[in-house]
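>>> Provided below are the primary sequence and the corresponding predicted coordinates.
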Amino acid sequence: MPKPKLLFFVEGFTDIRFVTGLAGIADLTLCVPEGHYRSSGLRDRVIASGARMAVVEIPGGRLSFQARSFGWLWRHARQFDVILSQELLRGSLNATVVGALRGTPAITTMALDPVAYFRCRHTRGQIGTLARIGGETIIRVLMAINGRLSTTCLVLGKYLQEVASACCSRTDSWGYYGVDTHAFAPASAAERLAARRKWGLPPDKFIVFLSSRISHEKDPETVIRATALARARGLDALLLNLSGGFEQFLSIARSLPFKDVDEWVIGRDAVHPMTEVPDFFKAADVVAQASLAEGLGLSTLEALACGTPVVATEVGGMAATLPGFARLVPPGDSEAMAEQFLWIDRNRDAARIQALEGRTMVQRDWSREKSFADLALVLERVAVGAAGGPATARTVAHG
């Protein structure tokens, strides 16, 4: 059977690992906002990847992109077997409406809980109560419309399966871009030391790696405080953040009442996720992920695939997926996180054994190969259902 003709409709950011994976299982066309596609670096990464795909760049800001992309979708939707669109909010509205009207099945995705993530803005004091209520209302309306019009919704793990079922009766569990367990693999002591030297990291420090971007749903303050507490108790720890928001991370660290922050907190710009990021997971002594809300936390799975211990807040998808494989702490509890850093330092063999058990789980449930093989089956089912009759929902198990 030929590969389905797939339109991947993107309003904002998407990951190059997902794009290249789609190109491997479908005859792919990528429809993107021109400005963000270029400024985010995605265009350069697509070109460098050599993956075969067509790219449609639509100019204009947010409102003009919404209008122009609707017109483009209306004219071209019937050229595709399936439309895939990210999330269940405004960015997917054009795709689901046009798909329903033009008879092309539209698949949406859910990698985060939109309401929970939006509430984090209120928790952080970025918006007031009325704005929170109004924003949540709009989000729920968009989720209801897109959920109803979607042929199916791809959901990242068990936790979000429950969230999505409230607005979309047709769901499939989905691994997003999965974990490349060949690139993210355990390293020997010599390989870990080599990775540190390669990237200019000290060979003798206890490195805490916070790999995620800094945004309103993340909680870098707890990781910074935990590292400071562990240092005060004798652990020679260094905290590293690698992200596009590293300058904000450094600003947060400097705003907290700790001495000599610049001596033990490092922030660096993001590096290529497919060729360079694995070195940092291998070099770290622990990966820390603190969040106020979390869909899953793929960086924790990448760490486990490397056999690197993980300390994470017990929230959202991390609470559903990581028990038994990571050291879980209550949200916002820097004291508990610091104790876990100290435990890992004092029990390195036991911590690594636990992380390697997590690698087995990742290989079984979250590998890149499994994620795209499962997605290929969903695309085929939806495309065949559209051509020959209604498709029935089927859940592909992840985690």
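Arrived safely, thanks for sending.
>>> Quick check, pLDDT for the residue lying closest to residue 261 once chain neighbours are set aside.
Nearest residue to residue 261, sequence neighbours excluded (C-beta to C-beta, 6 or more residues apart in numbering): residue 253, at 5.0 Å. Using the backbone N, CA and C atoms, a C-beta is placed for each residue, glycine as well. Taken from the predicted model, the pLDDT recorded for residue 253 is 96.
>>> Kindly report the same for residue 274.
At residue 274, pLDDT is 85.
>>> From what I see, it and residue 184 are in contact.
No. Using C-beta atoms under 8 Å, residue 274 is not in contact with residue 184, being 10.3 Å away.
>>> who has more neighbours, these two?
The residue with more neighbours, out of residue 274 and residue 184, is residue 184; 23 against 17, by other C-beta atoms under 10 Å.
>>> residue contacts, the residue nearest to residue 261?
Contact analysis of residue 253 by C-beta atoms under 8 Å, 6 or more residues apart in numbering lists 220, 224, 239, 261, 265, 267.
>>> do you know how far the first one is from residue 264?
Distance, residue 220 to residue 264, by C-beta to C-beta, to the nearest Å: 14 Å.
>>> Check the secondary structure at residue 209 for me.
The three-state label given to residue 209 by DSSP: H, G, I helix; E, B strand; the rest coil is strand.
>>> Beta-bridge partners for it, please?
Per DSSP bridges, the residues bridged to residue 209 are residue 240, residue 287.
>>> burial measure for it, as a count.
Neighbours around residue 209, by other C-beta under 10 Å: 25.
>>> now do residue 124
12.
>>> what's the answer for the one 5 residues further on, then?
Residue 129: 8 surrounding residues under other C-beta under 10 Å.
>>> same deal with the one 5 residues further on?
Other residues lying near residue 134 total 12 when counted by other C-beta under 10 Å.
>>> didn't residue 157 look like it was pressed against residue 298?
No. With contact defined as C-beta under 8 Å, residue 157 does not count as touching residue 298 (10.0 Å).
>>> follow-up on the earlier one: mind checking the backbone torsions on the residue nearest to residue 261?
Dihedral pair for residue 253: phi -60, psi -40, per degrees, to the nearest 10.
>>> Looks to me like residue 252 is in a helix.
Yes. Assessed with three-state DSSP, residue 252 lies in a helix.
>>> so where is the stretch 251-399 of the chain shaky, pLDDT-wise?
Counting by pLDDT under 70, the stretch 251-399 of the chain has low-confidence residues at 387-399.
>>> gap between residue 358 and residue 301?
Residue 358 sits 8 Å away from residue 301, going by C-beta to C-beta.
>>> out of these two, which sits in the more crowded spot?
Remark: of residue 358 and residue 301, residue 301 carries more neighbours, 28 against 25, as counted by other C-beta under 10 Å.
>>> Put the alpha carbons of the host helix or strand of that one into CSV.
Element membership of residue 301, judged by DSSP states H and E, is helix 298-305. Presented in CSV, the C-alpha positions along helix 298-305 are these (Å, rounded to 0.1, in the frame of the first residue of the first chain):
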residue,chain,number,x,y,z
LEU,A,298,9.8,13.3,27.2
SER,A,299,13.2,14.5,28.6
THR,A,300,12.8,12.3,31.6
LEU,A,301,12.3,9.3,29.2
GLU,A,302,15.4,10.3,27.3
ALA,A,303,17.4,10.4,30.6
LEU,A,304,16.2,7.0,31.6
ALA,A,305,17.1,5.6,28.1
